[in-house]
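Trainee: here is the input, now give the coordinates:
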Amino acid sequence: MDNCDPSVADPKKQYKILKRLTKELVIENACLCDTVDLLGKRLYILEQERKFLLKRLLQKKQMKASLSKETEVETATTSSSKKTGLLNLKQKSGISAQQKSFRKV
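Mentor: Numbering: from 1, shown residues only. You can find the predicted model right below:
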């Protein structure tokens, strides 16, 4: 037998080498699994935060839209009430502009 051929190495050495490589692979796999689990948890938290913030944003937009509609209605009613108020004041005074012009003559 030729002792220089690496494929015909000592079986005990091959066993130790394979055992060490297997341990390293198992440890590396465990680290990767832990990393995947941690990233999954972070992703879940970020998704929940995104959903919460999106709901709050939509609520704020709806509140802002409803407030702007209310202010539009209030300004419209206020301006129309001012106009009718002025007309009422003119009518209550009892003397119109035409009557004043007739009195001058």
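Trainee: let me know the average pLDDT across stretch 23-30.
Mentor: Here stretch 23-30 scores 98 as its mean pLDDT.
Trainee: may I have that stretch as PDB, with CA atoms only?
Mentor: Taking C-alpha atoms only, stretch 23-30 is exported to PDB below (Å, rounded to 0.1, in the frame of the first residue of the first chain):
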ATOM      1  CA  LYS A  23     -20.000  20.300  14.600                       C
ATOM      2  CA  GLU A  24     -19.100  23.500  12.800                       C
ATOM      3  CA  LEU A  25     -21.900  23.100  10.400                       C
ATOM      4  CA  VAL A  26     -24.400  22.400  13.200                       C
ATOM      5  CA  ILE A  27     -23.300  25.500  15.100                       C
ATOM      6  CA  GLU A  28     -23.400  27.700  12.000                       C
ATOM      7  CA  ASN A  29     -26.900  26.400  11.200                       C
ATOM      8  CA  ALA A  30     -28.000  27.200  14.700                       C
END
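Trainee: how near is residue 10 to residue 17?
Mentor: Distance, residue 10 to residue 17, by C-beta to C-beta, to the nearest Å: 10 Å. Bear in mind the C-beta positions are built from the backbone N, C-alpha and C, glycine included.
Trainee: sorry, wrong one. I was asking about residue 36.
Mentor: In terms of C-beta to C-beta, residue 36 sits 29 Å off from residue 17.
Trainee: what do you get for residue 35?
Mentor: Taken as C-beta to C-beta, the spacing of residue 35 relative to residue 17 amounts to 27 Å.
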